[in-house]
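>>> give me a 3D structure for the following:
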Amino acid sequence: MTFEQLDLIEPILNALTREGYKVPTPIQETAIPIVLNHKDLLGCAQTGTGKTAAFAIPILQNLHKKYPNQKQHRTVKVLIVTPTRELAIQIDESFNSYGRNLPFRHTVIFGGVNQNPQINALKAGVDILIATPGRLLDLQQQGFVHLQHLDVFVLDEADRMLDMGFIHDVKRLIRLIPEKRQSLFFSATMPDTIRTLAASILRSPEEVHVTPVSSTAETIEQAVYLVDAGNKRDLLLHLLEDKDIATALVFTRTKHGADKVQRYLSKGGIKAEAIHGNKSQNARQRALSNFKDRTTRVLVATDIAARGIDIDELNLVVNYELPNIPETYVHRIGRTGRAGLDGKAISFCDTEEKPYLKDIQKLIRIQIPVISDHPYPATAAVPEIRKNPSRPARSSAGRVVRKK
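I've put the predicted structure just below:
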């Protein structure tokens, strides 16, 4: 199936083409028609399965059909609630990518930062609001968030929401939003507590289960370097002194981080370019073409921008920053070791990223070998990590089960 066969409008199809999307993932193929039909959805799916696009794309299309001119006063029509600022930012970037050809405004609000820029964005008017529960309720109580015109409510990562103690905030929020709405509920697991919560939010939902990607190709040699955050750039430059590395794809968490790494490598004599959502389409295509024909040796990318990269003979993937979602690690390193060729994936891990490494190893069921012989070893204490990898388990990645 193609995205065209999902009856998507031209502005969204053009945006997906720009992002390098070719065919929908299993959850996108299944969930997009459900959401387009304005039905409630209960999805058992983890980040890394294409879940965000599965709800963002049809939400944008439904908004376009209901508000074709977008001349009325901007009110919050869509609310997406997620447990962490990292996930909120990623979802916001996804709406920016898929909705770049549509007139709808979106913003993201989360705690731990000054609230004034977020308040100013809300005052300017937004159609789509992505938020963490605490800051959302705080700004609502201050009178800056108004939800009476809400059309769609999305609760993402519900089990993590409960684990982090947000259950009471979620219940308070449910009482604030209109009863007449479309609701989409996503969770990686479905214990009784989650099903009870879902039942209080959804009305006659369709149910979709997705098996996430959880194993890595055996042709990929994996390694992790324990390094202080301040020494990552120097370690990367040191590793790239190896002339046998013809091409390297380096992943950062943020667009700003990608630009910083690219500039540092360029100053160090490494031909490098950055690719992310703030780059123009021409600049992104040019950088990708240069990388494919090896005019550029290193491409520094964010996860969203890298989705369209498909290069058979890619020597090395570098996780300059470990992803906070373990499935993202599987997708990142899957860029190398393709078509039966050998590949290598190395990851830099600083003290704050140790929990991410633990989650990744739990998911792929392999202890990633630690390389300790390098000039920038971590100075902070690190947990003992076994160096003898076990055989990774295989999984039926991407399988979807749909229930009425």
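>>> now do the nearest residue to residue 63 once chain neighbours are set aside, the pLDDT please.
Ranked by CB to CB, 6 or more residues apart in numbering and with sequence neighbours excluded, the top spatial neighbour of residue 63 is residue 104, at 5.8 Å. C-beta: built from backbone N, CA, C; applies to glycine. The model reports residue 104 with a pLDDT of 94.
>>> wait, residue 104 sits on residue 151?
No - judged on CB atoms under 8 Å, residue 104 makes no contact with residue 151 at a distance of 11.8 Å.
>>> who touches both of these two?
Listed as contacting both residue 104 and residue 151 by CB atoms under 8 Å, 6 or more residues apart in numbering are residue 63.
>>> which ones are touching the residue nearest to residue 63?
Taking CB under 8 Å, 6+ apart, one finds 60, 63-64, 67, 70, 127-128 in contact with residue 104.
>>> switch to 10 Å and redo it
59-60, 63-64, 67, 70, 74, 77-78, 95, 126-128 (CB atoms under 10 Å, 6 or more residues apart in numbering).
>>> are any of the residues you listed buried, and which?
59-60, 63-64, 67, 74, 77-78, 95, 126-128 (16 or more other CB atoms under 10 Å).
>>> is it possible to get TSV of those that adds secondary structure, pLDDT and distance to residue 316?
Shown next, in TSV, are the buried ones among the contacts of residue 104 (DSSP: H, G, I helix; E, B strand; the rest coil; pLDDT from 0 to 100; distance: CB to CB, whole Å):
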residue	secondary structure	pLDDT	distance to residue 316
59	helix	98	37
60	helix	97	36
63	helix	95	41
64	helix	94	41
67	coil	88	46
74	coil	87	45
77	coil	96	44
78	strand	98	40
95	helix	95	32
126	coil	96	41
127	coil	96	41
128	strand	97	37
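>>> on that earlier part again, and which of the contacts of residue 104 is nearest residue 40?
residue 59 (13.1 Å; CB to CB).
>>> surely the closest one meets residue 95?
Yes - in this structure residue 59 lies within contact range of residue 95 using CB atoms under 10 Å: 8.4 Å.
>>> show me where the stretch 251-400 of the chain has its strands.
Remark: strands assigned in the stretch 251-400 of the chain by DSSP state E, counting those that start in this stretch are 272-275, 298-301, 316-319, 343-349, 400-403.
>>> look up how far residue 296 lies from the residue nearest to residue 63.
To residue 296, residue 104 is 34 Å away according to CB to CB, to the nearest Å.
>>> where does pLDDT dip in the stretch 101-250 of the chain?
Regions of the stretch 101-250 of the chain meeting the criterion pLDDT under 70 cover residues 211-215.
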